[in-house]
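J.: One predicted model, sequence on top.
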Amino acid sequence: MDLDVARIEQATRVIDPVFLNTPQYLDEQLCRALGGRTVTVKLETANPVRSFKGRGADLMLSALAPGTPVVCASSGNFGQAVAYAGRARGMPVEVFVPETVNPAKRERMETLGARVVEAGADGSSARKAAAAHAQRHPDRVYLQDGLQAAIAEGAGTIGLELTRHAGEPSFDAVVLPVGDGALINGVGRWMKEHAPGTRIVGVNAEGAPSMLESLRAGRAVRLDRARTFADGIAVRGPLEASVRRARVLVDEIVLVTDEAIAAAMEVAARTLGIVLEPAGAAGLAAIAEGAVAGDRLATVLTGANPRPEQVRELAARLTCPARTSSSAGRTTF
């Protein structure tokens with residue numbers, strides 16, 4: 001295991017405080033909407049990039065020499081995080097994105113000073129283009145979300161904060177959206193050390209079950225395509241390093257439909273007053289659909305950068321009677 005709990009604890013003294021100690025609480029209306037279970041939410045939307053990605057990006061860049069040019073690929077949130085940390089540390093940042101990138105996320109990356117380059121139809125194409133660009137320019141450092149240990153360890157500080165404020169008894173399960181795996185592996189590493197009785201449950205979109213299939217196979221599995229509107233977890237194939245960590249740290253992966261995610265976005269808006277992006281609501285969706293066992297749960301609201309059309313759709317849902325979602329079955333490996 002290359003993720004280290006001591007480095008996760010040390011990261012709290014390195015990461016920009018703007019990303020740390022995010023709100024974490026129980027909301028009675030939300031708990032009632034989720035069937036009466038006790039569900040703690042942690043708002044990783046309350047920071048300048050509106051997602052949890054700032055923790056890992058800032059920790060990773062803190063290890064590089066000042067002024068080092070950085071290259072990455074992103075569907076948006078990781079790119080924003082690298083752009084923010086790079087600007088603060090005086091590092092030029094280039095982000096390669098798919099042609100389908102959320103225009104709002106692209107605008108935010110550019111506002112934060114990144115050079116944004118469209119490359120191909122999906123995230124895989126963007127990653128290949130970013131890696132090739134970095135190889136052609138040896139002075140640049142290529143960051144790949146889910147690969148470098150520091151990125152996952154930065155995200156692991158979320159686990160530290162969850163346990164610090166959990167009280168007794170500890171959570172039955174922590175429920176986390178799974179894209180590249182940095183979040184669930186970082187949080188899982190901390191929780192397995194400090195709250196071993198808490199199950200680590202990941203959530204894949206039903207149309208992009210790449211981590212579920214990878215854990216079933218015991219190796220990284222690549223899907224032909226990802227079919228979900230949750231671009232933050234629309235991963236066709238996780239990295240082998242990420243799968244290797246998850247095999248040790250993740251207890252279960254469950255699937256949720258896009259319809260269930262949309263319903264969870266509506267619940268979050270009605271009860272918490274937060275407009276989540278689809279990936280950010282995946283954990284809530286799994287709990288709402290009854291896909292996670294336990295009475296005392298925690299989930300991380302991982303992002304609040306929805307597409308403009310998703311904001312319009314959510315506004316329409318909020319002005320209409322609540323819509324029911326299709327159920328999502330519990331799936332284990």
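T.: Here it is on my side, so go on.
J.: how much space is there between the closest residue to Ala155 other than its chain neighbours and Val175?
T.: Leaving aside its chain neighbours, Ala155 sits nearest to Gly186 (3.7 Å; criterion: Cβ to Cβ, 6 or more residues apart in numbering). For glycine as for every other residue, the C-beta is placed from the backbone atoms N, C-alpha and C. Note on Gly186: its distance to Val175, by Cβ to Cβ, to the nearest Å, is 15 Å.
J.: In terms of secondary structure, what does the helix or strand harbouring the residue nearest to Ala155 contact?
T.: Per DSSP states H and E: Gly186 is located in helix 182-194. The elements that helix 182-194 packs onto, with contact taken as 3 or more Cβ pairs under 8 Å, 6 or more residues apart in numbering; DSSP states H and E, are helix 5-11, helix 149-166, strand 173-177, strand 199-205, helix 240-249.
J.: Let me see the mean pLDDT of the shortest one.
T.: In other words, strand 173-177. Average pLDDT, strand 173-177: 98.
J.: Same check on the fourth one?
T.: Throughout strand 199-205, pLDDT has a mean value of 98.
J.: Partner strands of that strand and their direction?
T.: Strand 199-205 has the following strand partners under DSSP bridges: strand 173-177 (parallel), strand 252-256 (parallel).
J.: What are the contacting residues of the first one?
T.: Yep, that's strand 173-177 we're talking about. Contact partners of strand 173-177, identified using Cβ atoms under 8 Å, 6 or more residues apart in numbering, comprise 159, 162, 183-184, 187, 191, 198-203, 230, 232-233, 251, 279-280, 282-283, 286-287, 292-294, 297-300, 302.
J.: Type out the PyMOL command that picks the buried ones from the residues you listed.
T.: Only the buried entries of the contacts of strand 173-177 go into this PyMOL selection, using 16 or more other Cβ atoms under 10 Å:
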select buried, resi 159+162+183+184+187+191+198+199+200+201+202+203+230+232+233+279+280+282+283+286+287+292+294+297+298+299+300+302
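J.: returning to what we had before: go ahead and confirm the residue nearest to Ala155 touches Leu162.
T.: No: with contact defined as Cβ atoms under 8 Å, Gly186 does not count as touching Leu162 (11.5 Å).
J.: per-residue confidence for the nearest residue in space to Leu43 that is not next to it in sequence?
T.: Excluding its sequence neighbours, the residue lying closest to Leu43 (Cβ to Cβ, 6+ apart) is Pro23, at 4.4 Å. For Pro23, the model assigns a pLDDT of 96.
J.: wait, Pro23 sits on Thr40?
T.: No: the pair Pro23 / Thr40 is not scored as a contact, 10.5 Å apart, by Cβ under 8 Å.
J.: So those two - more neighbours on which side?
T.: Comparing Pro23 with Thr40 by neighbour count (other Cβ atoms under 10 Å), the higher total belongs to Thr40, at 21 against 12.
J.: just how off-centre is stretch 82-93 within its chain?
T.: 20 Å (Cα atoms, centre = their mean, to the nearest Å).
J.: Which residues are in contact with Gly273?
T.: Counting by Cβ under 8 Å, 6+ apart, Gly273 touches no other residue.
J.: how far away is it from Arg317?
T.: From Gly273 across to Arg317, the span is 15 Å (Cβ to Cβ).
J.: cool, and Phe96?
T.: In terms of Cβ to Cβ, Phe96 sits 33 Å off from Arg317.
J.: Of those two, which one has the most company?
T.: Phe96 (27 against 17).
J.: For the chain, just list every one of the helices.
T.: Along the chain, the segments classed as helices by DSSP state H run 5-11, 28-33, 53-62, 77-88, 103-111, 123-136, 149-166, 182-194, 210-217, 240-249, 258-272, 282-288, 308-318.
J.: Could I get those helices in TSV, plus columns for distance to Phe19 and mean pLDDT?
T.: Formatted as TSV, the helices of the chain follow (distance: least, Cβ to Cβ, whole Å; pLDDT from 0 to 100):
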stretch	distance to Phe19	mean pLDDT
helix 5-11	10	98
helix 28-33	23	96
helix 53-62	4	98
helix 77-88	9	97
helix 103-111	16	94
helix 123-136	23	92
helix 149-166	8	94
helix 182-194	13	97
helix 210-217	24	97
helix 240-249	21	97
helix 258-272	20	96
helix 282-288	19	98
helix 308-318	24	90
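J.: Cheers, nothing more for now.
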